[in-house]
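Engineer: okay, sequence plus prediction incoming.
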Amino acid sequence: MTCYSPTLPSPRAVFGDAWEGDDPKRIVMGPDRGITDSGVIVWTSAVQSAQGRITSEQPEPPQVHIEGGALGLNSDQARELASVLLEAADEMDSWSSQ
């Protein structure tokens, strides 16, 4: 049995799935970031190789995900969403630079 590094690509990453495949890879995810008084959640995901690098290959390059009740946000919530999206983008950039 081969063991692979348990390290995540960033101290902010909170989840690493099981290693899969002949050239082992796994999904890693960043923390959920909620928007105040709304159902909106933002998080990041990427594919990590067994060598610890984040891959940019298809079918799943690093991504920022947005889910939830974005049917209407007030101006404060919209600004918070913009800030959270920038934070998530910075997180993905830090993963890719390792």
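Structural biologist: Arrived safely. These numbers come from a predicted model, not from an experiment.

Engineer: in a strand, Ala89, correct?
Structural biologist: No - per DSSP: H, G, I helix; E, B strand; the rest coil, Ala89 lies outside any strand segment and is helix.

Engineer: now it: closest residue in space, sequence neighbours ignored.
Structural biologist: Spatial nearest neighbour of Ala89, excluding adjacent residues (Cβ to Cβ, 6 or more residues apart in numbering): Val64 at 6.3 Å. From N, CA and C alone the C-beta is placed, and that goes for glycine too.

Engineer: check that neighbour and give its pLDDT.
Structural biologist: At Val64, the model reports a pLDDT of 93.

Engineer: how distant is the helix or strand where it lies from the center of its chain?
Structural biologist: Using DSSP states H and E, Val64 sits in strand 63-67. The chain centre lies 8 Å from the centre of strand 63-67; the measure is Cα atoms, centre = their mean, to the nearest Å.

Engineer: contacts for that strand, please.
Structural biologist: Applying Cβ atoms under 8 Å, 6 or more residues apart in numbering, the external contacts of strand 63-67 come out as 40-46, 85, 88-89, 92.

Engineer: quick one, which of these are buried?
Structural biologist: Burial by neighbour count, 16 or more other Cβ atoms under 10 Å: within the contacts of strand 63-67 this picks out 40-46, 88, 92.
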